[in-house]
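Trainee: Sequence plus the predicted model coming up.
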Amino acid sequence: THATTRELVRGLGHEIKNPLGGIRGAAQLLAQELNDEELKDYTNVIIEEADRLRKLVDRLVGSRKPLELRQINIHEVMERVRSLVEAEVSGKGISLTRDYDPSIPPLLADPEQLIQAMLNIVRNAMQALSSPSAEHDLGTIELRTRIVRNATVGAKFRKLAVSMEVIDNGPGIPEEMIGNIFYPMISGRADGTGLGLSITHSIISLHKGMIEVESKPGATCFKVTLPIEES
């Protein structure tokens, strides 16, 4: 299960960070003993790479920050994501469109963490549209929100929920990857760490929501469903 994998990764992360600290400390001590500036280039590489690995482990383990819940308008989250991504897609032949449902009531959520979760999905779509296997002149990413009534969200019946969808016209996700896409270290890109969607999954789970994906060439849809607590 995801929870078991997560705990395993957390434990592993802890085990990796301890020796990393030792390596970094030894490199710093060595640097202080060296009189030759050229040799210090080597100790700098050791220190920088140790820092890079520590950051990677931190991202892999994910945030343990508790949710800071408040009443939010889900479109504030979507618009923030859109404005952050707008700058990144300019000049890349990708258009961002939105289709929002104005009737969605406020919901209790952590806006910063939700922005992070949705941003990871949209960036994933962006990368798919920029991949060499994308066969189109114009990539499109659609942000869509809907009110959902009488839905089962994460095995619980909810009278009211909100769905946020990110739909792209990229090459699609290979069938053999789709079942594992939310696990850490699964990435379709050679340079990807595969952490984005794993972090998204954790954030959505903390919100008692669920995330689903449907994909075929030319149409991939990530759908996040969050419960709306009735007051």
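Mentor: Yep, it's here. Numbers count the residues shown, from 1 in each chain.
Trainee: Residue 146 versus residue 177, what's the distance?
Mentor: The gap separating residue 177 from residue 146 is 27 Å, by CB to CB, to the nearest Å. In this view, the C-beta of every residue, glycine as well, is placed from N, C-alpha and C.
Trainee: for the chain, what are the low-confidence residue spans?
Mentor: Within the chain, the set of residues satisfying pLDDT under 70 comprises 1-2, 62-64, 133-137, 185-194, 231.
Trainee: so where do the strands sit in it?
Mentor: Applying DSSP state E to the chain gives strands spanning 70-72, 94-99, 107-109, 139-153, 156-168, 210-216, 219-227.
Trainee: Tabulate those strands in JSON lines, adding columns for distance to residue 54.
Mentor: Listed next are those as JSON lines, based on distance: least, CB to CB, whole Å:
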{"stretch": "strand 70-72", "distance to residue 54": "32"}
{"stretch": "strand 94-99", "distance to residue 54": "33"}
{"stretch": "strand 107-109", "distance to residue 54": "30"}
{"stretch": "strand 139-153", "distance to residue 54": "33"}
{"stretch": "strand 156-168", "distance to residue 54": "31"}
{"stretch": "strand 210-216", "distance to residue 54": "28"}
{"stretch": "strand 219-227", "distance to residue 54": "30"}
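Trainee: So between residue 177 and residue 146, which is more surrounded?
Mentor: More crowded of residue 177 and residue 146, by other CB atoms under 10 Å: residue 146, with 16 against 13.
Trainee: what residues are up against that one?
Mentor: By CB atoms under 8 Å, 6 or more residues apart in numbering, residue 146 lies in contact with 101, 104, 162, 163, 165.
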